[in-house]
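Colleague: Predicted model follows, preceded by the sequence.
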Amino acid sequence: MRPLITPMHLPNSPAALPVSRREFLVRTVGSLATVSALSLSLPQTRAATAKQRGKRVMAYVGTFTPGTPTAEPYNTSPGNGRGIHIFELEPATGKLLPRDVLVDDTSPNCLAFNLARTHVYATKKGSGALGSGAVSSYRIDRATGGLTMLNTVSAGGAGPTHLSLHPSGRHVFVANYIAGSVAVLPVQPNGELGAATEVKELRGAVGPKQAASAPPGSFAISGHDTSHAHMIQPDAAGRFVIAANLGLDQLHVWKFDERAGKLIENDPPTVSLPRGDGPRHFAWHPNGRWLYSFQEEGSTVAWFDYDAASGRLSARQTLSTLPRGFTGSSFGSGIMVSPDGRFVYAANRLHDSIAILSVAGNGALTLVGEEWTRGDYPRSLNFDPGGNFLFSCNQRADAVVAFRIDHETGGLTFVGQYTPVGSPSVIVFLELER
């Protein structure tokens with residue numbers, strides 16, 4: 001773990017002034033004491049670990065494949081992946097053991113399970129009639145973890161880069177980066193996908209190329225040429241759906257009509273982030289009341305209070321995920337909240353680090369450390385089902401690496417293992433009965 005870093009900003013305050021080592025330690029201990037009061041406590045995470053004993057844990061890694069570059073204009077090199085790579089996790093060590101590869105040359109780059117874990121869905125570059133973008137459905141063999149493709153439908157736009165499922169399991173939401181659109185796809189009883197019930201093109205004023213919150217000397221300029229939907233996900237109840245739009249510097253919010261599969265503008269319909277910062281991904285706290293948005297070009301995390309009754313987001317805090325005094329370019333990417341709700345982890349590309357932020361009892365964040373990713377361009381992060389390891393998909397390094405989590409401090413320790421995967425984009429986990 002790299003040296004601790006002093007907090008960059010506190011809620012409703014200017015940038016923090018330099019503090020002594022003694023002062024910082026006092027503040028850090030106080031912050032951790034506050035965090036320990038969260039309702040989702042550490043023993044629950046350990047209980048989850050015990051619960052998974054006797055189960056096999058499978059890992060599925062989505063990749064970018066040759067001839068299908070990523071959507072971002074600053075990262076257009078062809079991929080090196082072969083499709084969906086399947087591994088089995090050693091829960092004690094974090095090692096990934098290769099089991100199979102579902103060969104697919106259309107870059108299955110984002111994967112999401114249904115709630116029952118019987119099916120998995122993948123965004124990909126379309127081919128033939130679906131050349132603008134596609135989503136495929138796969139049935140999971142619950143005995144072996146193997147995948148069988150059921151069908152493929154249009155994503156409703158070019159460059160699908162993220163998808164998620166409604167809690168009911170009856171709809172898939174898709175964010176189309178190149179098209180700047182989002183779509184709703186119905187899920188049939190057998191797990192197959194139907195044609196979109198809704199496609200919304202997101203339009204508005206494009207933000208400036210220079211991020212308001214970027215470090216000095218930054219040339220982290222990516223998607224401020226047009227509208228770019230980068231992520232879409234419903235809240236826990238499925239009443240509202242939120243999408244991050246990098247090009248417009250906004251979070252879009254809709255009410256969801258589950259019966260019709262339609263998105264209805266909320267009031268207000270959008271929430272703005274600082275101009276040019278480029279919201280990419282967001283993560284919910286386990287309590288469902290806090291949302292953390294990660295800005296790609298600004299390299300900042302913004303904390304919002306969320307009102308589940310109205311779908312409204314209220315900005316509370318913004319802070320950098322880069323070391324104090326950092327200058328130059330870095331692109332924020334994946335963000336995760338630990339299962340116990342005590343820490344937020346955010347990946348910095350080019351800086352190639354995972355920022356570690358502690359969560360106070362009121363939801364506020366403090367940057368407490370960082371860990372080198374052991375590889376180039378960490379695109380996404382994820383936890384194993386037991387919450388003991390954090391995995392980083394190092395896209396340009398062609399490897400997935402694992403870190404053991406210290407549940408008391410949030411610190412990460414590299415386990416010393418590199419899993420070779422060409423251009424990994426995402427990793428998701430599935431428990432199977434032995």
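Modeller: Sure thing, it's come through.
Colleague: wait, what's in contact with W254?
Modeller: Residues in contact with W254 (C-beta atoms under 8 Å, 6 or more residues apart in numbering) are 240-242, 263-266, 269. Backbone N, C-alpha and C define where each C-beta goes, glycine included.
Colleague: ok, it to T118 distance?
Modeller: 27 Å (C-beta to C-beta, to the nearest Å).
Colleague: In contact with L248, which residues are there?
Modeller: 202, 204-207, 227-228, 270.
Colleague: An error on my part: the question was meant for V103.
Modeller: Applying C-beta under 8 Å, 6+ apart to V103 gives the contacts 82-83.
Colleague: Look up the residues forming beta bridges with it.
Modeller: G83 (DSSP bridges).
Colleague: Can you read off the pLDDT for it?
Modeller: For V103, the pLDDT comes out at 97.
Colleague: and if you look at K200?
Modeller: 98.
Colleague: Okay, buried residues for the helix or strand hosting L319 please.
Modeller: Using DSSP states H and E, the element containing L319 is strand 312-320. Buried residues in strand 312-320, counted by 16 or more other C-beta atoms under 10 Å: 312-313, 316-320.
Colleague: do the same with stretch 161-177
Modeller: Judged by neighbour count using 16+ other C-beta under 10 Å, the buried positions of stretch 161-177 are 161-166, 169-177.
Colleague: so which of these comes closest to P108?
Modeller: L163 (10.8 Å; C-beta to C-beta).
Colleague: Confirm that that closest one sits in a strand.
Modeller: Yes. Assessed with DSSP: H, G, I helix; E, B strand; the rest coil, L163 lies in a strand.
Colleague: Hmm, it is touching Y121, no?
Modeller: Yes. In this structure, L163 is within contact of Y121 by C-beta atoms under 8 Å, at 5.9 Å.
Colleague: Overlap of the contact sets of those two?
Modeller: With C-beta under 8 Å, 6+ apart as the test, L163 and Y121 both reach 112, 135, 172.
Colleague: List the ones among those that fall in strands.
Modeller: Among the shared contacts of L163 and Y121, the ones falling in strands (DSSP state E) are 112, 135, 172.
Colleague: Of these, which is the nearest to W303?
Modeller: Nearest to W303 out of these is A112 (C-beta to C-beta; 24.5 Å).
Colleague: picking up where we left off before, of the contacts of W254, buried ones?
Modeller: Buried, going by 16+ other C-beta under 10 Å: 240-242, 263, 266, out of the contacts of W254.
Colleague: Out of the residues you listed, which comes closest to P234?
Modeller: Using C-beta to C-beta, the buried ones among the contacts of W254 come closest to P234 at V241, 4.8 Å.
Colleague: Distance-wise, check the closest one relative to G133.
Modeller: 19 Å.
Colleague: Kindly report the same for H230.
Modeller: Relative to G133, and taking C-beta to C-beta, H230 is found at 14 Å.
Colleague: before we move on, what about K200?
Modeller: K200 is 15 Å from G133, where distance means C-beta to C-beta.
Colleague: the more surrounded of those two?
Modeller: G133 (26 against 21; other C-beta atoms under 10 Å).
Colleague: and the nearest residue to the more buried one once chain neighbours are set aside, what are its phi and psi?
Modeller: In space, and not counting its chain neighbours, G133 is closest to A155: 3.7 Å by C-beta to C-beta, 6 or more residues apart in numbering. When read as degrees, to the nearest 10, the backbone of A155 gives phi -80, psi -10.
Colleague: residue contacts, A155?
Modeller: Applying C-beta under 8 Å, 6+ apart, the residues contacting A155 are 123, 126, 130, 132-135, 174, 176, 183.
Colleague: same thing with A183?
Modeller: Taking C-beta under 8 Å, 6+ apart as the criterion, A183 is in contact with 155-157, 173-174, 176, 196, 198-200.
Colleague: go on, N348?
Modeller: Contacts of N348 (C-beta under 8 Å, 6+ apart): 299, 321-322, 330-333, 354-355, 378.
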